[in-house]
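> Fold the stuff below for me.
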Amino acid sequence: TPQFGVWRIPVHEMYAKPSATQKLLDDASINMEAWLQGKITDKFARAENGAFVTGNGVDKPRGFTSYPDRTSIEVFELNAIGQYDTGVSGDFAAAPNGGNILIDALYGLKAQYRSNANWFMNRRTTGAVRKLKDSDGAFLWAPGIAAGQPASLLGYPQASFEDMANIGANSLSIAVGDMNAAYQIVDRIGVRVLRDPYSNKPYVEFYSTKRTGGDVVNFEALKLVKFAT
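Sure thing, here's the model as predicted:
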């Protein structure tokens, strides 16, 4: 029976305080304030992206790879994400069976999540996946043909998540699922900048903060591939 409840996702604060002299701000040939703010925003975004994948939830968002495996295959468990072992530590199984684990993970998803599924991995893992072939010698990975069309793996789009682990012993290097349904990001207001020209003369300090959080809210909508026996 459907029930209503509250899912609590705490937000955590990131901060930075770069500074520049007033002379530099006045004389630089570029807008130094805008340049500094752009660098801060980029750094915050990279920190967020890493936490959404691997964060432990302590003073940062909790990443989807930080959750344990289910104790029983194909049985739903709260706070556990299904993991599919390749059978070889730090590698795929020998050809032509290397891609079988990808099929297992993909079809471990229920139909409503598989219809919106994407593959997620970093560029090194993508390089390894692109070499996988089926028993007929056909590649499992297919490039996007039309402009703006993503590459596909087993007929499903593939997105680049550079913060996912490289392939290694017991690494969780590939995810597949409906990330919109699985993961919730909470942003509060955005980046806020307090310009302070008084506290540390002759420097102008830019105290910048951002509050963000994230956590898995649907543990059925995502599966992971683990490079383990």
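> How confident was the prediction at the closest residue to W119 other than its chain neighbours?
Excluding its sequence neighbours, the residue lying closest to W119 (C-beta to C-beta, 6 or more residues apart in numbering) is Q158, at 4.2 Å. In short, each C-beta sits where N, CA and C put it, glycine included. On pLDDT, Q158 comes in at 93.
> Surely Q158 is within a helix?
No - using DSSP: H, G, I helix; E, B strand; the rest coil, the assignment for Q158 is strand, not a helix.
> Show the residue spans covered by the strands in the protein.
Counting by DSSP state E, the chain has these strands, from start to end: 12-16, 19-21, 82-85, 118-121, 141-142, 152-153, 156-160, 172-177, 183-196, 203-216, 222-226.
> Deepest-packed of these, please.
strand 172-177 (a mean of 26; mean count of other C-beta atoms under 10 Å).
> Check which helices and strands that one is in contact with.
helix 100-106, strand 118-121, helix 123-129, strand 222-226 (3 or more C-beta pairs under 8 Å, 6 or more residues apart in numbering; DSSP states H and E).
> now the ones you listed in JSON lines, with mean pLDDT and distance to W35?
Below are the helices and strands packed on strand 172-177 laid out as JSON lines (pLDDT from 0 to 100; distance: least, C-beta to C-beta, whole Å):
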{"stretch": "helix 100-106", "mean pLDDT": "96", "distance to W35": "43"}
{"stretch": "strand 118-121", "mean pLDDT": "97", "distance to W35": "32"}
{"stretch": "helix 123-129", "mean pLDDT": "96", "distance to W35": "28"}
{"stretch": "strand 222-226", "mean pLDDT": "98", "distance to W35": "38"}
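> want to throw those into JSON lines with distance to T209?
As requested, the helices and strands packed on strand 172-177 are exported to JSON lines (distance: least, C-beta to C-beta, whole Å):
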{"stretch": "helix 100-106", "distance to T209": "39"}
{"stretch": "strand 118-121", "distance to T209": "29"}
{"stretch": "helix 123-129", "distance to T209": "31"}
{"stretch": "strand 222-226", "distance to T209": "30"}
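> right, and the ones you listed - which one's nearest Q184?
strand 222-226 (12.3 Å; C-beta to C-beta).
> Go through the chain and flag its longest helix.
helix 32-54 (DSSP state H).
> so which of the helices and strands packed on strand 172-177 gets nearest R46?
Of the helices and strands packed on strand 172-177, nearest to R46 by C-beta to C-beta is helix 123-129, at 15.3 Å.
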